[in-house]
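> fold the following, please.
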Amino acid sequence: MLDERRLRRVLEIGRTVVSELDLETVLHRVLEEARELTGARYAALGVLDDDKQTLERFITSGASPEMHRAIGDLPRGRGVLGILIRDPQPLRLADVSQHPRSYGFPVGHPPMRSFLGVPVLIRGEAYGNLYLTDKQDADEFDAADQEATELLAGWAGIAIDNARAYSSEQERRVELEQAVSALEATTAIARALGGETNLNRILELIVKRARALLDARNVVLLLAEGEELHVRASAGPVAPAVRDVRIPLQGSIGGEVVRSMRSQRIHDVRSQLRFGLAGRVDADVGLLVPLVFRGRALGVLQAFDRLDGADFSADDERLLTSFADSAATAVATAQTAANESLARSLRASERERARWARELHDETLQQLAGLKVLLSGARRRAQLEVLDAAMSQAIGQIEDSIAELRRLIADLRPATLDDLGLAPAVEALVDRVSQTSGLKTTSRIELRRERLPTAVEDTAYRLVQEALTNVVKHAGASEVAVTLAQEGDAVLIDVADNGVGLDPNARTEGFGLIGMRERVALVGGSLTIAPGRAGTGTQISVRLPIAEPAVPAMSA
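Residues are numbered from 1 along each chain as shown. Below is the predicted model of the structure:
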């Protein structure tokens, strides 16, 4: 029977323990109070797993860190400890080593004799067991010790239940706060999108909101363009270092996220990050989430390092994934608007080119030709030597102007492209470049169809034209080879020169290459720029699908 002093002490402990809301503090406090109440040298609390078959945790009091290291693995509930798991009733032993179910103690374990075990119940269900060993002022624990420990275990059950409920409530509160934050960020994007179709502004808003959402040090957004990922927006100190960086889809962790459309948490950024971002992003941990719209990955959103130094959690991953779904819709909408605007601009440009070509041919060129005929006739009738020389010079200038106008007309809109199709137009273009530039040109054209969709023919011709113009103006090449072929439902273009190649240190591309990427993106194709096969010069390779893409391609 408990004496009044010990009973008052148990009640006081109960009130104190129940008022504590941190679970770990409750567990350790119960162990300390149990030792003080009973005079036990050691106390432990074994927490059961979900199946109530073994111990998931084993928390101790009285054992030093050195003792823990000597013992090794903590028990899982076999032997005497397992008795209380199978039959949650108090168990009091004078010498635990003499019990028939005793397994003995591992090497390094301190000797223990007296033992008291009491189950800890929460709402009638077993939570774990409270174990006390080695009563210091007596040979064994008595009935009063058992009664006090049972009362303490009852208080512990209530306190643990309260602490778990509070913890669960806190977790729900945090989840709700995260959901509200995600909703606010998504709403901000939707609100901005309502009056904004500029893709760059949308991307900038996404990275800034994502950074604030995760409290991340850096956030980088890459869009898929052909066989590459292109950094299009970034927030944080890393922004200047990653501007306009391109990395291959193949072999990169970002490419794997895009292909699998599944997010990844990386715990060693320096070793796992490769290609263009390697060495530019100084971070320890990362979280990569795909931007998925209608079953298609548009790119990847990458967050690096939390400002509080913690790892990105599963909750962070769920939060950013939810945010990325809304962000992908905003990106796709902005891309569609940008693509439609660009397509309208290109169509208007082509119509304007055709109009100027007709006017130059029908009016200006005809006028110059008539003037040439007039001057030639006057020259034949004139007798003065001075007039003859002047008229010869004028005729020569008119002939040069006619040739230049014919070249301009062909560049603006070659009649061959409209009348005969892509193959004859490209052949004529290559021949003209050879004659005017002095380059040694070769061409191989193998198209199974005489005519292709207008958008494909226009795009293919302009790509070859722009590539050859770049070779003439910038490559310093002596030779250039053009290949135009059809493979399945796609047109393949290859333009290779033996010039100086592209500057690897150049941070931005010229307007010519930017325009080529825009044209390729509009028809859902891909463009690759690489060193020539012989190690010199530049090789531009393009793949254009003959059929129109089902979803508008991404604007570059």
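> would you say T441 is within a helix?
No - counting by DSSP: H, G, I helix; E, B strand; the rest coil, T441 falls outside a helix, being strand.
> setting the sequence-adjacent residues aside, check what's closest to it.
Of all residues not flanking T441 in the chain, S434 sits nearest, at 4.1 Å (CB to CB, 6 or more residues apart in numbering). All C-beta spots, glycine's among them, are computed from the backbone N, C-alpha and C.
> the one you found contacts A428, correct?
No - assessed by CB atoms under 8 Å, S434 is found out of contact with A428, at 10.8 Å.
> okay, now R274: neighbour count?
When neighbours are defined as other CB atoms under 10 Å, R274 has 14 of them.
> would you verify that G128 is located in a strand?
Yes - looking at G128 with three-state DSSP, it is inside a strand.
> got the contact list for it?
Taking CB atoms under 8 Å, 6 or more residues apart in numbering, we find G128 in contact with 45-48, 55, 57, 119-120.
> what about 7 Å?
45-48, 120 (CB atoms under 7 Å, 6 or more residues apart in numbering).
> how much space between the residue nearest to T441 and T442?
The gap separating S434 from T442 is 9 Å, by CB to CB, to the nearest Å.
> between the two, who's got more neighbours?
Ranked by neighbour count (other CB under 10 Å), S434 and T442 place S434 first, with 16 against 12.
> sec struct for the more buried one, please.
At S434 the chain is in helix, as set by three-state DSSP.
> how close does it sit to V482?
For S434 relative to V482 (CB to CB), the value is 10 Å.
> give me the neighbour count for A143.
A143, neighbours per other CB under 10 Å, totals 10.
> if you could redo that for S263, that was the one I meant.
Applying other CB under 10 Å, we find 18 residues neighbouring S263.
> burial measure for T333, as a count.
17.
> so what does it look like in phi/psi?
The phi/psi pair for T333 (degrees, to the nearest 10) reads phi -60, psi -40.
> mind checking pLDDT for it?
Per-residue pLDDT puts T333 at 75.
> from now on call the first residue 57
Happy to do that; since the first residue is 57 now, the last one works out to T389.
> distance of it relative to N254?
For T389, the distance to N254 equals 12 Å [CB to CB].
> what do you get for V486?
With CB to CB as the criterion, V486 and N254 are 38 Å apart.
> who's more crowded, these two?
V486 (22 against 12).
> just want the most central residue of this structure.
Nearest to the geometric centre of the chain sits V356, at 2.7 Å (CA atoms, centre = their mean).
> name the helices or strands packed onto the helix or strand containing that residue?
Following DSSP states H and E, one finds V356 within strand 352-362. Packed against strand 352-362 by the contact rule (3 or more CB pairs under 7 Å, 6 or more residues apart in numbering; DSSP states H and E) you find helix 255-270, strand 272-281, helix 309-316, strand 342-349, helix 370-415.
> and of the ones you listed, who's closest to G452?
Minimum separation from G452 across the helices and strands packed on strand 352-362 (CB to CB) falls at helix 370-415, 24.8 Å.
> quick one: G342 and Q358 touch, right?
Yes - here G342 reaches Q358: they are 6.1 Å apart, a contact under CB atoms under 7 Å.
> neighbour count: those two, which is higher?
Q358 (32 against 25).
> that one and S369, how far apart?
17 Å.
> do the same with R500
Distance, R500 to S369, by CB to CB: 56 Å.
> those two: who's more crowded?
Regarding R500 and S369, a neighbour count based on other CB under 10 Å identifies S369 as having more, with 13 against 10.
> quick check on the more buried one: phi, psi?
According to degrees, to the nearest 10, S369 has phi -100, psi 170.
> same check on L177?
With angles defined as degrees, to the nearest 10, L177 sits at phi -110, psi 140.
> give the contact list for it.
Counting by CB under 7 Å, 6+ apart, L177 makes contact with 183, 213.
> which pLDDT value goes with it?
Note for L177: predicted pLDDT of 87.
> how close does it get to V66?
L177 is 17 Å from V66, where distance means CB to CB.
> for the residue nearest to T497, give its distance to S534.
For S490, the distance to S534 - CB to CB - is 12 Å.
> so, low pLDDT: which residues of the stretch 207-356 of the chain?
234-235, 237-239, 241-253 (pLDDT under 70).
> break this structure down into its domains, please.
With domains defined by automatic domain parsing, the chain comprises 60-223, 246-397, 473-612.
> could you pull out the helices for the stretch 57-206 of the chain?
Assigned by DSSP state H, counting those that start in this stretch, the helices in the stretch 57-206 of the chain fall at 60-75, 79-94, 121-127, 135-142, 199-250.
> export those helices as a markdown table, with columns for distance to D553.
Formatted as a markdown table, the helices of the stretch 57-206 of the chain follow (distance: least, CB to CB, whole Å):
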| stretch | distance to D553 |
| --- | --- |
| helix 60-75 | 81 |
| helix 79-94 | 69 |
| helix 121-127 | 69 |
| helix 135-142 | 78 |
| helix 199-250 | 43 |
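> so Q306, which of the three states?
coil.
> can you tell me which residues contact the closest residue to it other than its chain neighbours?
With CB to CB, 6+ apart as the criterion, Q306 has its nearest non-adjacent residue at 6.9 Å, and that residue is E283. By CB under 7 Å, 6+ apart, the contact list for E283 reads 304-306, 582, 584.
> now do the same for L285: helix, strand or coil?
Note that with three-state DSSP, the state of L285 is strand.
> just checking, it touches G311?
Yes - counting by CB under 7 Å, L285 touches G311, with 6.4 Å between them.
> which of these two has more neighbours?
Taking neighbours as other CB under 10 Å, L285 and G311 compare with L285 leading, 28 against 21.
> if I look at the residue lying closest to the more buried one once chain neighbours are set aside, how far off is Q358?
Closest residue to L285 apart from its sequence neighbours, by CB to CB, 6+ apart: L278 at 4.1 Å. For L278, the distance to Q358 equals 7 Å [CB to CB].
> assess the claim that G588 and L558 are in contact.
No - assessed by CB under 7 Å, G588 is found out of contact with L558, at 10.6 Å.
> please identify every residue contacting each of the two.
Common neighbours of G588 and L558, counting by CB under 7 Å, 6+ apart, are T594.
> pick out whichever of those two has more residues nearby.
Ranked by neighbour count (other CB under 10 Å), G588 and L558 place L558 first, with 19 against 16.
> does that one sit in a helix, a strand or a coil?
coil.
> and it, what does it touch?
L558 makes contact with 585, 594 under the criterion CB under 7 Å, 6+ apart.
> report pLDDT for it.
At L558, pLDDT is 73.
> distance of it relative to E535?
Counting by CB to CB, the gap from L558 to E535 is 17 Å.
> give me phi/psi at the closest residue in space to D324 that isn't next to it in sequence?
Spatial nearest neighbour of D324, chain neighbours left out: D340 (7.5 Å); criterion: CB to CB, 6+ apart. D340 adopts backbone torsions of phi -100, psi -50, taken as degrees, to the nearest 10.
> and if you look at D550?
According to degrees, to the nearest 10, D550 has phi -140, psi 120.
> ok, it - contacts?
So D550 contacts 539, 595, 597 (CB under 7 Å, 6+ apart).
> all strands of the stretch 457-606 of the chain, in order?
In chain order, the stretch 457-606 of the chain shows strands spanning 496-502, 535-543, 546-553, 582-587, 594-601, with DSSP state E, counting those that start in this stretch as the criterion.
> for D195, which of the ones you listed is the nearest?
Nearest to D195, of all these, is strand 582-587, at 83.8 Å by CB to CB.
> what residues does the closest one touch?
Against strand 582-587 from outside (CB under 7 Å, 6+ apart): 282-283, 557-558, 572-573, 576, 594-599.
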